[in-house]
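>>> fold the following and give me the result.
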Amino acid sequence: MGSLIEYFKKETAKNVLEKAITHAQKVQQCVKELDNGIKALLKDKDWSKAHDIFLNVDAIEGEADDLRREIQKDISKGELNPSVRADLSHLIKRLDDVANCANGVARRIDTIPQTFWDQSSEESLNYVIDMMDTTVECSDYLDKIVIDLLGKRNKVKEYARKINSLEHHVDVLNIKLRRSLQQKDYNVNQFTVFTVGMTMNIIEAISDAIEVVADYIMVLLTSSNVL
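Numbers count the residues shown, from 1 in each chain. Below is the predicted model of the structure:
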């Protein structure tokens, strides 16, 4: 795996590196736009604005997909060691999983009827907002760890620890949210309850996916004896 680090140092890798950084930033943008949509939904109670933002998450995720395909095409053309090609492909795929999770939340939360949120307690709504705030902070470190991996690689370990800590905090908030939701009697159909539960699972999965990226980067660097 260490050969991927050597590949990053080559001038011929510049085009792929620039696209990889742009891809990471696009993934981060997906998470932040989802956060904007959830705040429009739960804080501003502006259902129309939230719907438009959720549609934009889908558009941004599509742009991230296009970049992923470009990178895959670039590395398939180059004369790369098979292990380098595999390592880079795995890294890009793990980044793409973050955007997929964010878009998965946007698509599902947009189908939950307004009546569910109207019946939800302020405590429950605040837990959802806090989960997203923490997830956005986690995505900030995702951007940083990828840029550092492709650059000097002197803060990767620090950023990975931050991501691990934030991911754990999201897990704790998710448990508190579930307890809070069960303290209310909702007058909604069972499919709405199922959709809400699935949506909360995927919100939690965003930070999980970010942690997977950080863990994979740590494996790459440890195997190349950089850390």
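
>>> how near is residue 39 to residue 204?
Remark: distance between residue 39 and residue 204 (CB to CB, to the nearest Å) = 18 Å. Yep, even glycine has a C-beta here, placed from its N, CA and C like the rest.

>>> I'd like the next helix or strand past the helix or strand bottoming out on mean pLDDT in the chain.
Sorting the helices and strands of the chain by mean pLDDT, DSSP states H and E puts helix 3-8 at the bottom, at a mean of 64. As assigned by DSSP states H and E, the chain's next helix or strand after helix 3-8 is helix 14-42.

>>> got the contact list for residue 70?
Applying CB atoms under 8 Å, 6 or more residues apart in numbering to residue 70 gives the contacts residue 19.

>>> of residue 39 and residue 204, who's got more company?
Between residue 39 and residue 204, counted using other CB atoms under 10 Å, the more crowded position is residue 204 (21 against 18).

>>> that one and residue 29: what is the separation?
Counting by CB to CB - residue 204 and residue 29 are separated by 20 Å.

>>> what do you get for residue 155?
Noted for residue 155: a distance of 22 Å to residue 29, by CB to CB.

>>> who's more crowded, those two?
residue 29 (20 against 16).

>>> pLDDT weak spots in the protein?
For the chain, residues meeting the criterion pLDDT under 70 lie at 1-14, 78-80, 223-227.

>>> let's go with 90 and repeat that
1-21, 70-91, 142-143, 146-154, 219-227 (pLDDT under 90).

>>> state the distance from the spatially most central residue of the chain to residue 157.
The structure's the chain has its C-alpha centroid closest to residue 98; by CA atoms, centre = their mean the separation is 3.2 Å. Per CB to CB, residue 98 is found 20 Å from residue 157.
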